[in-house]
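Chemist: Sequence and predicted structure below; questions after.
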Amino acid sequence: MNPAQEEILEKLLEKVQKPARYTGGEMNTAVKPIGECDVSFAFCFPDTYDIAMSHLGMKILYHIINKQPWAVCERVCAPWPDMGDAMRREGLPLFSLESRTPIRDFDLVGFTLMYEMSYSNILEMLDLGGIPIYARDRSEDDPLVVAGGPCAFNPEPLAYFIDAYMIGDGEDVMVQLCQTVRECKAARRTREETLRALAGIPGVYVPRFYDVAYNDDGTVRSITPNDPCAPEKVRRCVVTDLEHAEYPETIPVPFTDIVFDRITLEIMRGCTRGCRFCQAGMIYRPVRERSMDRLLEIADNLENSTGYEEISLSSLSSGDYSCLPELIRALMDRYREKRVSVSLPSMRIDNIVKQSLEETSKVKKSGLTLAPEAGTQRLRDVINKGVTEEDLVRAVTDAFDSGWSSVKLYFMLGLPTETDEDLRGIGDLAQKVVGAYFSIPKPRRAPGLRVTCSASVFVPKPFTPFQWVAQDSLETVKEKQEHLREYLRIKGVTFNWHESGLSFLEACISRGDRRIGDVIYTAWKNGCRFDGWNEYFRYDAWLDAFSACGLDPAFYAYRTRPFSETLPWDVIDAGVTKEYLMKEWEKAVRTETTRDCRKGCNGCGLQRWKGACPAYENARGV
Amino acid sequence: MKMLAVFEKGARLRHIGHLDLMRAMQRALRRSSLPIRYSQGFNPHILMSFAAPLSLGAVGLREVMEVSLDGNVTAEEFSRRLSQALPPDIRLLSCRPVEDAHKPPMALLRAARYRIEPRGECSLTLKDLDAFLGKASIPAVKKTKSGEKEIDLKPMIHELMLNDGKIFCTLDLCEERSCKPELLLNCLCSSAGIPAMEARIVRLLLLAEKDGAFLPLEDA
């Protein structure tokens, strides 16, 4: 940023909300001069600073890129609309937090895709950065625009805008990608040649090297490579040795409040449970644990370099970590003097041992969050959420007995095969939780019972056994929400529900094909951004965008796909095979559960890749 | 013992609020592995305090804080360890150990010296300043938590001068009475009959009073 731009920025910061989002200069942020590095990477998070800085993936990749002596990574967040508008008005280009370099001056501009409804922000950020939005319009001087993250498993909706995708675990492929760009840059390769080189890296998908053909009914006929550099299928990257994988030794410490202002300790990756609605449970397989020693080492590094007061254990299913109570005890012993508290999010109900509840309560009693997901055993079996009512009641009874008084319960509305019986079941379950509280003698329980039931609208996701199903229509969802509100009129229970229009669009985009790109572009042109924020979500503008592009959102959200249909994401090999997902769907319909794969291999597909699934290979003595 | 420390809150951190700055300092103290003291009770916090909050948007060149410590730590060691733990835009400038009984800086604070840097052209003249200071009283409306209050700025202004388009002033800053530099600038502009100016505020120095004279707070 030149001095004139600094001047403009200073002026803008006097006027906008939360200017501290844009100031940078936090502890442990990169101070490498961009000019002295071979490759520069602008890590863009398509949401506000407060959300971005809570995201673990960004911290890991930020650390990994900056660890390369020849590379530098700086952070960029989506400016809130007041700032975005002011920047556009004043001609201030989107800049990085560290050195305030305009993003178009970086070699690579990378987006992390956490949520479909942040896609309009990606276009907004490219535009604010002065980078042509459509990849086809970019010239030799423009940065390469890359992306990764869970939503990249269906790369098609953003295929027009992203030059190259990294699919799967980013630790290794990110370095390979930067290294390849470094070599291409040194050899003065053209943009096209560089993209060819990138397409040759395992796990990288370059949309321009694939042609999509459609059937007359609008479904995808085929996705085929149009260049020898492009593989038929792009195989997702798996970090097989998480123990020795890079993990940050330092992380930025924001000045302002962010959503998760603490150390995040990723204790394991992947989940063995196989819940059928859960995309993360499918695409992060297999489960890989870090050892206690390694975790304590990471915790020490981060505690010493950040001064944080809280460490939070993170994974898809922390209760499944093989030595959870030991780990919690070790962390608490280690940091008692330094007053560091330990918290455990995303607990499954069935293995919350009373012991670990007591361990965490010694430091702080934060709210307990449990996710039964469905109201009846039948429906929990359909979704393979291997949790029983007894588990739940036992867990909350233990929690109430240990001094908790606030419990959050997460449910999903609109799951396949759901009936009114299942909705009533949610009410019954909430009632039983209230009962569990009152079963504890008054002097023993903490006052002020608060049971919060949240019901989100089910969105079918790619690479899950439910990827073929139709989403409930908006009318049905509204009706169900009304019923549920009746069933949850219980003293001490609050009911939260979600904007159903948002879930409908999320369903359209998450299983969308390449043509959805034009819809996203049109919606953004119509002023859509920050769609995930109630105050900015404009449902009608999105519907207008669909009709302007001649596409029917119902085709994407409400249509049951036959198994035989080519799915837009078939170009990606996520590890879990289509055959396995079909089998799981059929079992779901039959209300049959599938065992936790730690109890024996279910043949999900990962066993095809040598070394990918240690549990499978150990069991076979390979 | 306690350590009395002087630090700079740099221009980049202008928009970082008081509570956020306090937290950043507490985390720096935790990183420093200095023998900091914690309060008793259910939610222990680090025993430290700032002399005075800096308003949002202002830069502080010589801010003062005190930190309670267990055991003896030399000024050199404190300075070395804390400096390493601070983010680049917070700089530790000096420190000195004091007894536990030493009055906290907040209690000793009496006034502060500021530099007011108007954005764009500064149309104020020395004449305007003289006319302003020549008044018998300078009534102003101060916004407080409980509403608006009519006050007289005149006795709160200890120094007011103009140099190179920048205004330098020393204003009361203590519990009993205080005048914000923004308020002074507004009154000055309206007295001079010119439109209100936007300005960047730099707090240069915090002051205590001894035998009728000001001295830097950290020396009191």
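Modeler: Cool, the structure landed. Numbers count the residues shown, from 1 in each chain, chains lettered A, B, ... in the order given.
Chemist: how far away is residue A:137 from residue A:159?
Modeler: 14 Å (CB to CB, to the nearest Å). For every residue, glycine as well, the C-beta is placed using N, CA and C.
Chemist: Between those two, tell me which one has more neighbours.
Modeler: Comparing residue A:137 with residue A:159 by neighbour count (other CB atoms under 10 Å in any protein chain shown), the higher total belongs to residue A:159, at 25 against 10.
Chemist: The more buried one touches residue A:515, doesn't it?
Modeler: No: between residue A:159 and residue A:515 there is no contact under CB atoms under 8 Å: 9.7 Å.
Chemist: For chain B, list the residues in contact with chain A, please.
Modeler: Counting by CB under 8 Å from any CB of the partner chain, the residues of chain B lying close to chain A are B:10, B:12-17, B:20-21, B:23-24, B:26-31, B:33, B:38, B:44, B:57, B:85-89, B:119, B:198.
Chemist: so residue A:606 touches residue A:288, yeah?
Modeler: No: the pair residue A:606 and residue A:288 does not pass the contact test of CB under 8 Å, sitting 11.4 Å apart.
Chemist: Can I get stretch A:196-209 as PDB, trimmed to CA atoms?
Modeler: Presented in PDB, the C-alpha positions along stretch A:196-209 are these (Å, rounded to 0.1, in the frame of the first residue of the first chain):
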ATOM      1  CA  ARG A 196      -0.700 -27.500 -16.300                       C
ATOM      2  CA  ALA A 197       2.100 -28.100 -13.900                       C
ATOM      3  CA  LEU A 198      -0.400 -27.700 -11.000                       C
ATOM      4  CA  ALA A 199      -2.800 -30.100 -12.500                       C
ATOM      5  CA  GLY A 200      -0.100 -32.700 -12.300                       C
ATOM      6  CA  ILE A 201       0.100 -32.500  -8.500                       C
ATOM      7  CA  PRO A 202      -1.900 -35.300  -6.800                       C
ATOM      8  CA  GLY A 203      -5.000 -33.700  -5.200                       C
ATOM      9  CA  VAL A 204      -5.100 -30.700  -7.400                       C
ATOM     10  CA  TYR A 205      -8.100 -30.000  -9.600                       C
ATOM     11  CA  VAL A 206      -7.800 -27.400 -12.400                       C
ATOM     12  CA  PRO A 207     -11.400 -26.900 -13.700                       C
ATOM     13  CA  ARG A 208     -10.400 -25.400 -17.000                       C
ATOM     14  CA  PHE A 209      -8.800 -28.700 -18.100                       C
END
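Chemist: Report the buried residues of it.
Modeler: Residues of stretch A:196-209 classed as buried: A:196, A:197, A:198, A:199, A:201, A:203, A:204, A:205, A:206, A:207, A:208, A:209 (neighbour count, 16 or more other CB atoms under 10 Å in any protein chain shown).
Chemist: same question, stretch B:142-160
Modeler: B:151, B:153, B:156, B:157, B:160.
Chemist: in chain B, which spans are strands?
Modeler: Secondary structure of chain B (DSSP state E): strands at B:2-9, B:48-50, B:59-68, B:90-98, B:111-118, B:139-144, B:147-152, B:157-163, B:166-172, B:199-210, B:213-216.
Chemist: How about the residues of the stretch 251-400 of chain A by chain B?
Modeler: Residues of the stretch 251-400 of chain A lying near chain B by CB under 8 Å from any CB: A:253, A:255, A:256, A:257, A:304, A:305, A:306, A:307, A:308, A:309, A:338, A:339.
Chemist: Look up how far residue A:327 lies from residue B:126.
Modeler: Distance from residue B:126 to residue A:327, by CB to CB: 69 Å.
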